[in-house]
Every structure is written in structure tokens, then in C-alpha cells.
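Participant: can't give you the sequence, but here's the structure:
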């Protein structure tokens, strides 16, 4: 994860993202750099527009937040179902009681 953060820092600083720069940032953070991980990250970032990816990622939480009100609606439906079940049980109980008294 620290390698991805290093790439994001370099992108934000407007610096070239290459193996040496990644390893320098990781080392500056106090982590012993691993050349293989730096190479793997650089390879996976080929052709990726980091700024575009970040814009897409920033939009995702908004969509998740928009769907959050759906949960209370389910609870309201559940409460309505429980009220209907309660009313039905009370009706059945009353009917059973009436039969005891010859009704």
C-alpha cells in the first residue's frame, strides 16, 4: 500500500513516477524499499491516468451515500409488516375469545 501512496504523492507533486522515485519516497517514509514491488507498481500503472482514476473514486462514495436511505425504507416496511401481523394476531385472538363465550 505504501507504494501506491508513494505514487499518489509523486503524482500530486507533479513528479515523474518511476521505480527510483517510488523507492525514494518509500525510503523517506522509513520503510525499507523493495525493488520488485516498485517495479510491479510501475508496470501496473502503465497507461493509467491517475487523476482520472481519483476523480472516479471520489464520485463513488457519493453514490453509496445516495443509496443509504434505502435501508430505513426497508425498516419501515418491516415495521408495517409487524403491525399487520400484530393486528391479525389480535383479530384471531379476539375471534378465539368470542368462541369461548358462544359468540
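Facilitator: That came in fine, so what should we check first? Since this is a predicted model, take the numbers as computed values, not measurements. Numbering: from 1, shown residues only.
Participant: alpha carbons only for contacts and neighbour counts from here, please
Facilitator: Fine.
Participant: could you list the domains of the protein?
Facilitator: According to automatic domain parsing, the chain is divided into the following domains: 1-68, 69-103.
Participant: of those domains, which shows the lowest average pLDDT?
Facilitator: Among the domains of the chain, domain 69-103 carries the lowest mean pLDDT, at a mean of 63.
Participant: which stretches of the protein form helices?
Facilitator: 2-13, 19-28, 35-45, 50-67, 70-100 (DSSP state H).
Participant: elements contacting the second one?
Facilitator: Counting by 3 or more C-alpha pairs under 8 Å, 6 or more residues apart in numbering; DSSP states H and E, the packing neighbours recorded for helix 19-28 are helix 2-13, helix 35-45.
Participant: next, residue 32: phi, psi?
Facilitator: When quoted as degrees, to the nearest 10, the phi and psi of residue 32 stand at phi -70, psi 120.
Participant: that one - nearest residue in space that isn't next to it in sequence?
Facilitator: Nearest residue to residue 32, sequence neighbours excluded (C-alpha to C-alpha, 6 or more residues apart in numbering): residue 26, at 7.2 Å.
Participant: how much space between that neighbour and residue 14?
Facilitator: 17 Å (C-alpha to C-alpha, to the nearest Å).
Participant: who has more neighbours out of the two?
Facilitator: residue 26 (21 against 9; other C-alpha atoms under 10 Å).
Participant: quick one: residues contacting the more buried one.
Facilitator: 2-3, 6, 32-33 (C-alpha atoms under 8 Å, 6 or more residues apart in numbering).
Participant: kindly indicate which of those residues lies nearest residue 40.
Facilitator: Using C-alpha to C-alpha, residue 3 is the member of the contacts of residue 26 that sits closest to residue 40, with 9.7 Å.
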